[in-house]
Structure formats: C-alpha cells, structure tokens
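*Asks:* missing the sequence, but the structure's below:
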C-alpha cells in the first residue's frame, strides 16, 4: 500500500530580479518574462479573471500590455502554478501546492507537469463545496472551502482554518493521489506549525480510513 501524501511548508516562487524595467533598461541575455498573478486567469490568452479583492482587473489583457511595455515575450500564469512548478522535484512527481492568503487556490503538478486543465480552470481549490448550507462565498455558492477558511481566520481560529483546509487537502489527495501537499501563503506564514499539523492530521485520518499507512510528515 502506498504512503499517504505529506503536508509540508513550502515557500512560493523566488522574488523577481532587481534588473531595471522600462524604456532604456538593459536586459542583457533575458529572452522573455514570466508573470505570476492571482487566479483565475486565462493562461492561453494572457487575460486576468475575477482576481480576489480586485474585481477591476477582470478581463485585463495583462500579458499583451506587459509585452508592449517591455518589448519582449511575456507568459502569464497563476501564482499557485508558478509556485508548484518551482517546488516540484525532478522526475515524475505529483504534488499540490495549496496557497492560503487573500483567497485560497492550488497549483497542481501531475507526473512532473503543471496541470492547468483544458479551460485553464484547474486548481480553483477554494471553491469546492464542503458544507451545503455553509456561509456564502464570493463565487455565488455556499459552503466553499475558501469561505469557511476565511471565516475561521477572521475569527482568530487558525486551528479551525487548518482543520478545514486539511479536509479539502484530503479530498484532493483522494481524487488525484498526489505524493505531497505543500502549504504557502501569508495566512499560513503567520502560523506555519498550526497549519502543517492541522492539515497533516486530516491527511493521516484520510489515509487510515482508506487503509493506507500513516506517518508524521516532516516540517
């Protein structure tokens, strides 16, 4: 029997380089720019979607706007996808990077490749409904993981938020059988041990229920 997925604390993608940007900048050997932005977004067209907390950005063609400004190719992807790719080990690993900050999303690496989905919608982890009559979510439904986590965080209950996050992570592991679950985002950064322990407990419980071997994941 395979071992359960581990919950770990992981950093996000590295900070941008300090090279100057704009007219007259010296790019040297730079051949293109990668931009990580909050989702949802259209990776193929380079257009932003309903960014949490910034509805005015919806529909903005960020990739083309930056390409014109910088004079070089630009690739736009979700911040969670960029982080997941940066955290993936070599080979055919499968992992989920779960990011809890202003919103809640995930980046998925399946068999060594970023999984975006045919319509670029993969990884909208926060909008899985886990409580049918739960609090309303900004997406228009009720009881979404993001709404429940956010409510717990606002009430100063990181332990409860971690437990809810762990339930969602266990659902993801059951669906995709990923090897690792990594956590990040400023909310997790505020209480990393609470979130790692809370998510790990739910992963162990799910592994035990399915007959898998449980173990205490490393920090």
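*Replies:* Thanks, I have the structure now. In this text the structure is predicted, and so the values were computed from the model without any measurement.

*Asks:* Which pLDDT value goes with the spatially most central residue of the chain?
*Replies:* In the chain, the C-alpha closest to the average C-alpha coordinate belongs to residue 106, at a distance of 2.6 Å (Cα atoms, centre = their mean). Per-residue pLDDT puts residue 106 at 93.

*Asks:* Helix or strand: which one has it?
*Replies:* In this assignment (DSSP states H and E), residue 106 forms part of strand 104-110.

*Asks:* What are the contacting residues of that strand?
*Replies:* Strand 104-110 is touched from outside by 38-39, 78-85, 88, 93-99, 114-115, 122-126, 145-146, 149-150, 165, 172, 176, 178, with contacts defined as Cβ atoms under 8 Å, 6 or more residues apart in numbering. Heads up, the C-betas are built off the backbone N, CA and C, glycines and all.

*Asks:* after it, next one along is what?
*Replies:* strand 113-114.

*Asks:* roughly how far out does that following strand sit from the chain middle?
*Replies:* 13 Å (Cα atoms, centre = their mean, to the nearest Å).

*Asks:* Following element in sequence after it, please.
*Replies:* helix 145-154.

*Asks:* which parts of that following helix are buried?
*Replies:* 145, 146, 147, 148, 149, 150, 152, 153 (16 or more other Cβ atoms under 10 Å).

*Asks:* can you name the two of these that are farthest apart?
*Replies:* Greatest spatial distance in those: 145 and 153, 12.3 Å, computed using Cβ to Cβ.

*Asks:* Distance of the residue nearest to the centre of the chain relative to residue 157?
*Replies:* 22 Å (Cβ to Cβ, to the nearest Å).

*Asks:* And residue 50, which helix or strand is it part of?
*Replies:* Secondary structure (DSSP H and E) places residue 50 outside all helices and strands.

*Asks:* Touching, it and residue 59? I think so.
*Replies:* No - Residue 50 lies out of contact with residue 59 (Cβ atoms under 8 Å); the separation is 9.2 Å.

*Asks:* Compare these two (neighbour count), which wins?
*Replies:* residue 50 (16 against 10; other Cβ atoms under 10 Å).

*Asks:* So for that one, what's the nearest residue that isn't a sequence neighbour?
*Replies:* Using Cβ to Cβ, 6 or more residues apart in numbering and skipping residues adjacent in sequence, the residue nearest residue 50 is residue 58, 5.1 Å away.

*Asks:* domain assignment for this protein?
*Replies:* The record's domain split for the chain, according to the TED database, is 34-80, 89-210.
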